[in-house]
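> Sequence and predicted structure are below.
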Amino acid sequence: MPTLTSQIRTSSPEFEARRAHMLALLETFEQRQRAARQAGGDRALAKLRKRGKLSPRERVERLLDRDGSFLELSTLAAFGQYDDEAPGAGVITGVGHVEGRLCVITANDHRVKGGAIYPASADKMIRAQQVAMENGLPAIALTESAGANLLHQAELFAMGTRGGRGFSNQARMSAAGTPQIAVVFGSSTAGGAYVPGMADINIQVRDKASVYLAGPPLVKAALGEDAEDAELGGAEMHASVSGLCDLLAEDDAHAIALARATVRMMHRSGHARPRRVARPPAYDPDELLGIVPADLRVPFDIREVICRLVDGATGGGAEFHEFRRDYGPELVCGTGWLDGHAVAVIGNNGPITSPAAQKAAHFIQWCNAQRTPILYLQNTVGYMVGIAAERGGIVKHGSAMVHAVSTATVPQFTVLVGGSYGAGNYGMCGRAFDPRLLLTWPCSKIGVMGGPQAARVMRIVQEAAIRRMGGEPEAADMEEMEALVIDEFDRTADPYYATSRLWDDGIIDPRDTRPALSVGLEAAWERDLAVVAEPRFGLLRQ
């Protein structure tokens, strides 16, 4: 049985230093995540209690099965944006079990500007819809929204990736047979009204929910009509007059119970999936904290990460069948099991060379033929450059790898455990290639290239330009320019900069990687892989 054995000495000073560095990063991450989850603080919670309402997170917790996990996505969306007035972008999204069935859950955080939608909120909710559509998962929206934040209407209304995209997604999800349930707990205005309006099943809370395109003030301004909330769009009116409300609940808890009962009654197509009894990893996932160096320029073996994610072998070590181990060793490819799920893994051990790219393209095609999901563990500076690399066909072979990633029809998952630079991000299934989940560790970096490399390139180009004009570059000016470039590249490569803009599905504690991926793999099997379109690859330039 092929196995991996760890070479890390967990008692070494180097391991302890790396672990301490990772724990410091996690402390910052946890502080920021805690602040995002406690929007409004105790004062906002007291107001909800006085009105007999549950907080957004309490609604999610009650909806989920008691023993079910919840993979929350993009917890720090909008971090550092909008003067930090929209923690978590004012919406909670994630994947969890309801009545034993995996569902995508979206909950407006009405403690944040009444659940108003910011550009990042729209991006986050549309991303949740994408997860539901790709995996055929039921979507449950816990709705209480003031509609679009009018201060940002220009970024929301006409932009093709926002605005009406969420509503068109709802229609397409329904047409594809993806169930949608909306539970309305409070005011859902303007665009917020279309979420329940386009859902398959609509649940509203008596005396609390109100759904209308325009609230009483706007109706008064536009038409001169005086209208109260209840007569204009109250739950009772929609239950008895308009027919918008399918199920009328007495309070928040009752509405959630009705949503769970609806899920319990929904039809689920029978299918088999290749899953066996899970085995724990051969090595403690806690040790993931001590593997990645604080300086990402220092190499580490990605196998040390793999053998703490995949299931252990019966005779010791991690069960992992490595593909062409000694060919293109800069890329580790192989198959194993993760929490009982069959999975293929591709991980970086340096820049991607032509042999490594060839190996990856072949391996990806094999995984598609065998219907095995693929996990990409990114830590790369990109594809190899230089005279030898170019003459060896790095563009050709790198393009074949990117082609294979792009046209793969099996579910693909990506975790940034270190650097994600240049076209390496593409070949390792970055955001543009639609991985089912894209998660990052708090030590990760992402960019076209590293700051020092970018600064050096800029200096060479600038010095050449000055000399062409007959001048001589000043060393002090060039050094100042380099420092500015490095600062800017370091700022935008920061994982918090990336997650704030939803370039990923969230930063996670490295120790949570295995359970998060297990949820993703289970979600992928909600849609039978055997009936997904057969893999069809275009012309790969070999």
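In hand now; what should we look at? Residues are numbered from 1 along each chain as shown.
> so Val226, which of the three states?
Val isn't right for residue 226; it's Asp. When classified by DSSP: H, G, I helix; E, B strand; the rest coil, Asp226 comes out as coil.
> In the sheet, which residues pair with Val95? Tell me.
Counting by DSSP bridges, Val95 is bridged to Leu71, Val104.
> Do you know the pLDDT at it?
In this model, Val95 is scored at 97, pLDDT.
> remind me which residues of the stretch 51-200 of the chain are low pLDDT?
In the predicted model, the stretch 51-200 of the chain carries pLDDT under 70 at residues 149, 154, 156-160.
> For it, which segments are assigned as strands?
Chain-ordered strands for the stretch 51-200 of the chain, with DSSP state E, counting those that start in this stretch as the definition, fall at 70-73, 91-98, 101-108, 139-145, 180-189.
> Now those strands in JSON lines, please, with extra columns for distance to Val381 and mean neighbour count.
All C-beta atoms are positioned from the backbone trio N, CA, C, and that covers glycine. Converted to JSON lines, those look like this (distance: least, Cβ to Cβ, whole Å; neighbours: other Cβ atoms under 10 Å):
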{"stretch": "strand 70-73", "distance to Val381": "28", "mean neighbour count": "22"}
{"stretch": "strand 91-98", "distance to Val381": "32", "mean neighbour count": "24"}
{"stretch": "strand 101-108", "distance to Val381": "35", "mean neighbour count": "24"}
{"stretch": "strand 139-145", "distance to Val381": "39", "mean neighbour count": "27"}
{"stretch": "strand 180-189", "distance to Val381": "43", "mean neighbour count": "26"}
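> any chance of those in a markdown table, plus distance to Thr10?
Shown next, in a markdown table, are the strands of the stretch 51-200 of the chain (distance: least, Cβ to Cβ, whole Å):
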| stretch | distance to Thr10 |
| --- | --- |
| strand 70-73 | 28 |
| strand 91-98 | 32 |
| strand 101-108 | 35 |
| strand 139-145 | 42 |
| strand 180-189 | 47 |
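> Look up how far Arg59 lies from Ser187.
Per Cβ to Cβ, to the nearest Å, Ser187 is found 15 Å from Arg59.
> quick one on the thing from earlier: of all the strands of the stretch 51-200 of the chain, which one comes closest to Leu288?
strand 70-73 (17.6 Å; Cβ to Cβ).
> same for that closest one, what does it pack against?
Packing contacts for strand 70-73, counted by 3 or more Cβ pairs under 8 Å, 6 or more residues apart in numbering; DSSP states H and E, involve strand 91-98, helix 119-135, helix 513-524.
> Okay, strands next: where are they in the stretch 201-350 of the chain?
Using DSSP E, counting those that start in this stretch, the strands of the stretch 201-350 of the chain run over 201-205, 210-212, 247-249, 318-323, 331-338, 341-348.
> pLDDT below threshold where in the stretch 351-500 of the chain?
In the stretch 351-500 of the chain (pLDDT under 70), the answer is 449-451, 454-455, 457, 459, 463, 477, 485, 489.
> where do the strands sit along it?
Under the criterion DSSP E, counting those that start in this stretch, the stretch 351-500 of the chain contains strands at 374-380, 412-421, 437-440, 445-447.
> quick one: the first one to strand 331-338, angle?
In this case it means strand 374-380. Angle, strand 374-380 to strand 331-338, by axes from the mean of the first three to the mean of the last three Cα atoms, to 10 degrees: 140 degrees.
> Take stretch 63-83, keep the C-alpha atoms, and write them as PDB.
Written as PDB, here are the backbone C-alpha positions of stretch 63-83 (Å, rounded to 0.1, in the frame of the first residue of the first chain):
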ATOM      1  CA  LEU A  63     -32.500  25.900  10.900                       C
ATOM      2  CA  LEU A  64     -29.500  23.500  10.900                       C
ATOM      3  CA  ASP A  65     -29.600  20.000  12.200                       C
ATOM      4  CA  ARG A  66     -28.400  19.700  15.800                       C
ATOM      5  CA  ASP A  67     -25.500  17.500  14.900                       C
ATOM      6  CA  GLY A  68     -24.900  19.100  11.500                       C
ATOM      7  CA  SER A  69     -21.900  21.200  10.600                       C
ATOM      8  CA  PHE A  70     -22.100  24.600   8.900                       C
ATOM      9  CA  LEU A  71     -19.400  25.700   6.400                       C
ATOM     10  CA  GLU A  72     -19.700  29.400   6.500                       C
ATOM     11  CA  LEU A  73     -18.400  31.200   3.400                       C
ATOM     12  CA  SER A  74     -16.600  34.600   3.100                       C
ATOM     13  CA  THR A  75     -17.000  35.600   6.700                       C
ATOM     14  CA  LEU A  76     -14.800  38.700   6.100                       C
ATOM     15  CA  ALA A  77     -16.400  39.900   2.900                       C
ATOM     16  CA  ALA A  78     -16.400  43.700   2.800                       C
ATOM     17  CA  PHE A  79     -13.500  43.800   5.300                       C
ATOM     18  CA  GLY A  80     -11.900  47.300   5.100                       C
ATOM     19  CA  GLN A  81     -14.600  48.500   2.700                       C
ATOM     20  CA  TYR A  82     -17.600  50.900   3.200                       C
ATOM     21  CA  ASP A  83     -15.800  52.400   6.300                       C
END
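> Run the chain-centre distance for that stretch.
On the basis of Cα atoms, centre = their mean, to the nearest Å, stretch 63-83 sits 10 Å off its chain's mean C-alpha point.
> buried sites along that stretch?
63-64, 68-79, 82 (16 or more other Cβ atoms under 10 Å).
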